[in-house]
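Novice: need a 3D model of the following:
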Amino acid sequence: MKKIVLCAIASIAVSFASVDAQVVKSYEKPAEAEFRSAVKTLMYKTNGHDFTPERIAAMDVVQRMMNNFTTTEWNSYWGTWDWYEVDNMERFGVPYYLRQSFEKIKKEIKSTKVEKGSVAIWHLYNMGYIIKTPSQVLGIDLRAKRVDELMKFIDVGMITHSHGDHWAMAFVKALSKEGKPLLTNFNIKDVHVTRVKDGEIYEFGGIKIRTTIGDHNSNLKNFVVSYEIDCGEDTNHTVIYHTGDSCNYKQLNPQNPVDIFILHMAVGLKIQAAIDKIQPKNVFLSHLLELGHSITKWRWTYDDALMLRDKLEHDNVWIPVWGEKIVYKKSAAVK
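Specialist: This next block holds a predicted model:
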């Protein structure tokens, strides 16, 4: 077990570890300069696997800023399409972080040369991930203010389910206009999509995507798509398993060894049981700081993720932050 960074929450049997309570730290708002420094530390100077004191301190500063950003402010920001006004909003606080992380990702997607046997992965808000292989770029659950600007880089788009925090109309329309494939399990008006089925395999230029449809919760059965992505021969067949808001580990059924398991850390999924079943090499705890929710309900914090990480029996549990780039290199299979 890893060294505990923060105090544990109420005990839960480790074999069924999940998150069922939120820890909200001080609401004292950090100074803007301190916040900007912390954002740069998270995006550029540290990584989501090695939790140094510098990383922990930066997460604390960013979390305190998030704790002062209300759903009303988020709705104002997300609902404003006067770009002059949006630019002004993005000069400070949480919108500043959103803009900086997006611009970093956009720049790095273009400039990053991915070596054979590797993938580059960026985290873009909530459950949004961009995957770049030596030959293609994939986008899953992408949502950001200017997300359509990424369309020219993306070869294949995927959406896990229809909830609004997992997709953006501007992106799917831009992708559809260019005739690029978009996988979903629901229809979108005026947009061409590929409606996926349970257990099907979809292939795009050597990348194979297998879909599994499962439950979001007890009321939303067969609502979420999990994507098992074999990133292709030029990545040594790196497998990324993105499960969206899937809550039932028994429905998670990848057919190949999983290199990176991306999951919602607080949807009720029995995470340790899922890890024990799937045996992934790396676990990415995601769906943090979803700003459409109140800080006291469903806006899961860095503190929640850190304490869950320390509870789990796995050596490679990551907590990626917005804008962070992770390069994963897989050794070639021994013949």
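Novice: where along this structure do the helices fall?
Specialist: Remark: helices assigned in the chain by DSSP state H are 32-40, 53-66, 71-79, 83-89, 93-111, 169-177, 271-278, 302-311.
Novice: could you identify which of those helices is most buried?
Specialist: With neighbours taken as mean count of other Cβ atoms under 10 Å, these reach their highest mean count in helix 302-311, at a mean of 21. Any C-beta I mention is one placed from the backbone N, CA and C, and that applies to glycine too.
Novice: tell me the mean pLDDT for that helix?
Specialist: On average, the pLDDT along helix 302-311 is 96.
Novice: in terms of secondary structure, what does that helix contact?
Specialist: helix 53-66, strand 282-286 (3 or more Cβ pairs under 8 Å, 6 or more residues apart in numbering; DSSP states H and E).
Novice: keeping just the C-alphas, turn it into PDB.
Specialist: Extracted C-alpha coordinates of helix 302-311, given in PDB (Å, rounded to 0.1, in the frame of the first residue of the first chain):
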ATOM      1  CA  TYR A 302      -9.100  16.400  -5.400                       C
ATOM      2  CA  ASP A 303      -9.300  15.500  -1.700                       C
ATOM      3  CA  ASP A 304     -11.800  12.700  -2.400                       C
ATOM      4  CA  ALA A 305      -9.600  11.400  -5.200                       C
ATOM      5  CA  LEU A 306      -6.400  11.500  -3.100                       C
ATOM      6  CA  MET A 307      -8.000   9.600  -0.200                       C
ATOM      7  CA  LEU A 308      -9.500   7.000  -2.600                       C
ATOM      8  CA  ARG A 309      -6.100   6.600  -4.200                       C
ATOM      9  CA  ASP A 310      -4.600   5.800  -0.900                       C
ATOM     10  CA  LYS A 311      -7.300   3.300  -0.200                       C
END
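Novice: offset the numbering so it begins at 22, please.
Specialist: Let's use 22 as the start, then, which means that last one is helix 323-332.
Novice: chain center to that helix, what's the gap?
Specialist: The chain centroid and the centroid of helix 323-332 are separated by 16 Å under Cα atoms, centre = their mean, to the nearest Å.
Novice: one step back: which of the helices of the chain sits closest to Phe305?
Specialist: Distance to Phe305, taken as Cβ to Cβ, is lowest for helix 323-332 among these, at 10.3 Å.
Novice: now do that closest one against helix 74-87, angle only.
Specialist: With axes from the mean of the first three to the mean of the last three Cα atoms, to 10 degrees defining the directions, helix 323-332 sits at 140 degrees from helix 74-87.
Novice: quick one: work out the angle between helix 323-332 and helix 292-299.
Specialist: Using the same axes, to 10 degrees: helix 323-332 against helix 292-299 is 50 degrees.
Novice: for the stretch 72-221 of the chain, which residues score under the pLDDT cut-off?
Specialist: Per-residue confidence for the stretch 72-221 of the chain (pLDDT under 70) gives no ranges below the cut-off.
Novice: nearest to Ser239, out of the helices of the chain?
Specialist: helix 292-299 (17.4 Å).
Novice: which neighbouring elements make contact with that closest one?
Specialist: strand 281-285.
Novice: switch to 10 Å and redo it
Specialist: Contacting helix 292-299 under the criterion 3 or more Cβ pairs under 10 Å, 6 or more residues apart in numbering; DSSP states H and E are the following elements: strand 281-285, strand 303-307, helix 323-332.
Novice: and the helices of the chain as a markdown table, adding distance to Ile340?
Specialist: What follows is those, written out as a markdown table (distance: least, Cβ to Cβ, whole Å):
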| stretch | distance to Ile340 |
| --- | --- |
| helix 53-61 | 15 |
| helix 74-87 | 8 |
| helix 92-100 | 21 |
| helix 104-110 | 26 |
| helix 114-132 | 15 |
| helix 190-198 | 25 |
| helix 292-299 | 13 |
| helix 323-332 | 5 |
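Novice: so which of the ones you listed gets nearest Lys346?
Specialist: Here helix 114-132 is closest among those (Cβ to Cβ), at 5.8 Å.
Novice: okay, the angle between the closest one and helix 74-87?
Specialist: 130 degrees.
Novice: CA atoms only: put helix 114-132 into PDB for me.
Specialist: The C-alpha coordinates for helix 114-132 follow below in PDB (Å, rounded to 0.1, in the frame of the first residue of the first chain):
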ATOM      1  CA  GLY A 114     -10.000  32.300 -11.600                       C
ATOM      2  CA  VAL A 115     -11.500  29.000 -12.800                       C
ATOM      3  CA  PRO A 116     -12.300  30.200 -16.300                       C
ATOM      4  CA  TYR A 117      -8.600  31.100 -16.600                       C
ATOM      5  CA  TYR A 118      -7.600  27.500 -15.800                       C
ATOM      6  CA  LEU A 119     -10.200  26.200 -18.300                       C
ATOM      7  CA  ARG A 120      -8.800  28.400 -21.100                       C
ATOM      8  CA  GLN A 121      -5.200  27.700 -20.300                       C
ATOM      9  CA  SER A 122      -5.700  24.000 -20.200                       C
ATOM     10  CA  PHE A 123      -7.500  24.000 -23.500                       C
ATOM     11  CA  GLU A 124      -4.900  26.200 -25.200                       C
ATOM     12  CA  LYS A 125      -2.100  24.000 -23.900                       C
ATOM     13  CA  ILE A 126      -3.800  20.800 -25.200                       C
ATOM     14  CA  LYS A 127      -4.600  22.400 -28.600                       C
ATOM     15  CA  LYS A 128      -1.000  23.400 -29.000                       C
ATOM     16  CA  GLU A 129       0.500  20.100 -27.800                       C
ATOM     17  CA  ILE A 130      -1.800  17.900 -30.000                       C
ATOM     18  CA  LYS A 131      -0.300  19.700 -33.000                       C
ATOM     19  CA  SER A 132       3.300  19.700 -31.800                       C
END
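Novice: thanks a lot, see you next time.
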